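# Coordinates only, no sequence provided:
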């Protein structure tokens, strides 16, 4: 299943052109019987997957009705590619479970993966749930068979995708789909009551803000800085905006031209006062209460009281809004239940404008800056005043003269929060081209402060390339590594410098050319080569489909090694009897865990429940406030404990997020030793932020702390024994950290 899910993630935005029309269909076309004239596919159905599969309407082989749909591989299929037919359904139904059923028939597909697809996305096209039935592979029997797959139905679901797929050679016919909500056919399922807010009906600036350019002066820059702060404060604090009575993006474009024409501070403040008054009357009730013992970060609102800046009338007006008892529901913000990270709801992506106008570019800065101002749990760690960052970037955003320049400004401001979870997420064609669409299939890491070859995407590349593990890269296209680092670091967001180097190493051999000139050193010899480059999609498929499931192995007798990048709880339960018989356990966290095994494994490593973490999360009714949760416990039945045996955990710069959380949890065991180097320092459930121009970025949305309040963000997991790989070890093909772990266990 993970293979198909991985490659489907590449298709996240492919469906844009197709999902616009499904509401216009006269009925669900689950049997493929509705086919428009000259159409190559049944109405409403569209292609996912790669071009090396043919999708055809077939009238000769069908389960029922006049036709079926055939997915057929070509002779030239690429390893890791797939063919898929898909259909989009609006998720406006009430229910707890969605099930898709269909009949399938295969031919010459015994060595291929086939299955039904069910995927559920939210309104921002994030995948909430996805499943397929390929574990029930159908073989080439030549008979029609019935298959089904189901998922729980998330409350925030926006679109349901159903489909069928073939991965590998052969033919797959599919026919007679059926979708059920809580066991009832979707045609008879209850629909959600549609709640439309006033903000949803405001489309005045859908095609542009009307603000093409802004001629900045120091006075106008100051006005824009102050407007950005007030706009964000009102967005999260004003009750009428919370109700969804205003499209707050577009209200910015209504007030902005007049403010820019103002000549004096008095005129500016009068316009702001009038603007706020027109939003609706509010009455302060002074009922806000805060438990100071639980507070990690207080709202940054002292600026509201500056009468010299705002005047007494505006200060009074703003404080009334601040002191309201705010509702627990808000049109633009939600706090995820049982998790605590912010969910920025009803934020338009404005993706029709890849390169938005000056008004929308300013909106992007305001939206991002205020998302961080009120809902970033690590704002207290900023070295530079966040106000100063807003002032600095106003000219950069407004004066961005092209799409790339605009998105570089976004990348740069994202880098200021120093969060390894924050970046411009793919797919974003301009950013991808900026970094390079192609790549030499060689892995690079910084070892001993040098860019070193550590591996290859596939074995064939080892034979094709003249590079070998341990080679030190000196130049790429005649640029020294130091100059490349200096050039790229501003566009490489990360929590710490080590992780920035990690990301630069990953992208070091990216280019838009088909070849790359590389100068490298091996021992005392310096050589240059011209290396072949491949598309990143091709490399992704090559790497993903060559990865073997090696989550358990025994490097030496009596010691068990766990690779968490492919671990599953179901595997762990089966392997526990063998693990409990060993004298030592190595847990490799140098990568993102495939599944969380914190509690499954933790109950065996830790005899009695013990606190290992506490969280902070934000607030809807007091935006900007972050408070601590109760401490979380880990530990289990001492009778089942991995008693008197040594556990060694390996970490490095690839230990991020969930991997860091696992290390925090396991290290409370008295028999655990952590070895390795600085981790990525990015912990906390992820929250998406969408910006004009189709930009999606993320933040660590929850604060993660040790029980005593020590930080993990930026700091990461500090090893008990600091150890780095060496160039010599890489050259010799040794994993020196695993060797050290074995040594510790044997001692």
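Here it is on my side, so go on. This structure is a prediction, so every number in the text was calculated from the model and none was measured.
# count of neighbours near the residue nearest to residue 378 when sequence neighbours are not counted?
Among residues not flanking residue 378 along the chain, residue 713 sits closest, at 4.7 Å (Cβ to Cβ, 6 or more residues apart in numbering). Placement of C-beta: from N, CA and C, glycine included. The tally of other residues near residue 713 (other Cβ atoms under 10 Å) stands at 24.
# what helix or strand is residue 713 on?
Secondary structure assigned from DSSP states H and E places residue 713 in neither a helix nor a strand.
# shift numbering so it begins at 45
Taking 45 as the first residue, the last one we looked at is residue 757.
# Contacts only, for it.
Taking Cβ atoms under 8 Å, 6 or more residues apart in numbering as the contact definition, residue 757 lies against 422, 425, 463, 539, 725-728, 744, 747-748.
# Can you pull the phi/psi pair for it?
For residue 757, the backbone dihedrals (degrees, to the nearest 10) come out as phi -60, psi 140.
# Check the spacing between it and residue 315 real quick.
From residue 757 over to residue 315 the distance is 40 Å, taken as Cβ to Cβ, to the nearest Å.
# about what we covered before: quick check: the residue nearest to residue 422 vs residue 420, distance?
For residue 757, the distance to residue 420 - Cβ to Cβ - is 10 Å.
# I'd guessed residue 212 sits against residue 153; true?
Yes. Under the criterion of Cβ atoms under 8 Å, residue 212 is in contact with residue 153, at a separation of 6.8 Å.
# one step back: looking at the contacts of residue 757, which are in strands?
With strands taken from DSSP state E, the overlap with the contacts of residue 757 comprises 744, 747-748.
# check which helix or strand covers residue 363.
Using DSSP H and E, residue 363 sits within helix 356-366.
# so what does that helix touch, helix or strand wise?
Under the contact criterion of 3 or more Cβ pairs under 8 Å, 6 or more residues apart in numbering; DSSP states H and E, the helices and strands touching helix 356-366 comprise helix 262-281, helix 309-321.
# Repeat the analysis, applying 7 Å as the threshold.
Contact here means 3 or more Cβ pairs under 7 Å, 6 or more residues apart in numbering; DSSP states H and E; on that basis helix 356-366 packs against helix 309-321.
# follow-up on the earlier one: which one's more surrounded, residue 212 and residue 153?
Neighbours per residue (other Cβ under 10 Å) separate residue 212 from residue 153, with residue 153 holding more: 22 against 19.
# give me every residue that touches the more buried one.
Residue 153 makes contact with 184, 210, 212, 214-216 under the criterion Cβ atoms under 7 Å, 6 or more residues apart in numbering.
# Kindly report the same for residue 672.
Contact criterion Cβ under 7 Å, 6+ apart gives 338, 340, 658, 660 as the residues in contact with residue 672.
# can you check residue 553 too?
Contacts for residue 553 were tallied using Cβ under 7 Å, 6+ apart; they are 483-484, 486, 488, 520, 560.
# and which of those residues is nearest to residue 570?
Proximity to residue 570 was ranked across those by Cβ to Cβ; first place goes to residue 520, at 14.1 Å.
# so how far is residue 500 from the residue nearest to residue 422?
When Cβ to Cβ is applied, the distance between residue 757 and residue 500 equals 34 Å.
# Okay, and the beta partners of residue 174?
According to DSSP bridges, the residues that bridge with residue 174 are residue 163.
# Okay, and the beta partners of residue 130?
The residues paired with residue 130 through beta bridges, assigned by DSSP bridges, are residue 90, residue 207.
# so what's it up against?
Taking Cβ under 7 Å, 6+ apart as the definition of contact, the neighbours of residue 130 are 89-90, 92, 161, 205-207.
# again, but for residue 620
The contact partners of residue 620, by Cβ under 7 Å, 6+ apart, come to residue 648.
# and the next element down the chain from whichever strand or helix holds residue 441?
Residue 441 belongs to helix 430-442 when elements are defined using DSSP H and E. On the C-terminal side of helix 430-442, the nearest following helix or strand under DSSP H and E is helix 447-459.
# that older thread, closest one to residue 290 out of the contacts of residue 130, please.
Distances from residue 290 to the contacts of residue 130, taken as Cβ to Cβ, are shortest for residue 205 (32.7 Å).
# and that closest one, that's in a helix?
No. Assigned with DSSP: H, G, I helix; E, B strand; the rest coil, residue 205 falls outside any helix and is strand.
# about what we covered before: so what sits against both of residue 212 and residue 153?
Going by Cβ under 7 Å, 6+ apart, no residue sits against residue 212 while also sitting against residue 153.
# follow-up on the earlier one: let me know the pLDDT of the residue nearest to residue 422.
In this prediction, residue 757 carries a pLDDT score of 96.
# cool, residue 582 as well?
For residue 582, pLDDT reads 67.
# Over to the one 4 residues further on?
Residue-level confidence at residue 586 comes out at 54, pLDDT.
# Contacts only, for the nearest residue to residue 171 once chain neighbours are set aside.
Closest residue in space to residue 171, ignoring its immediate chain neighbours: residue 165 at 5.8 Å, by Cβ to Cβ, 6+ apart. By Cβ under 7 Å, 6+ apart, residue 165 lies in contact with 171-172, 202-203.
# Thanks a lot, see you next time.
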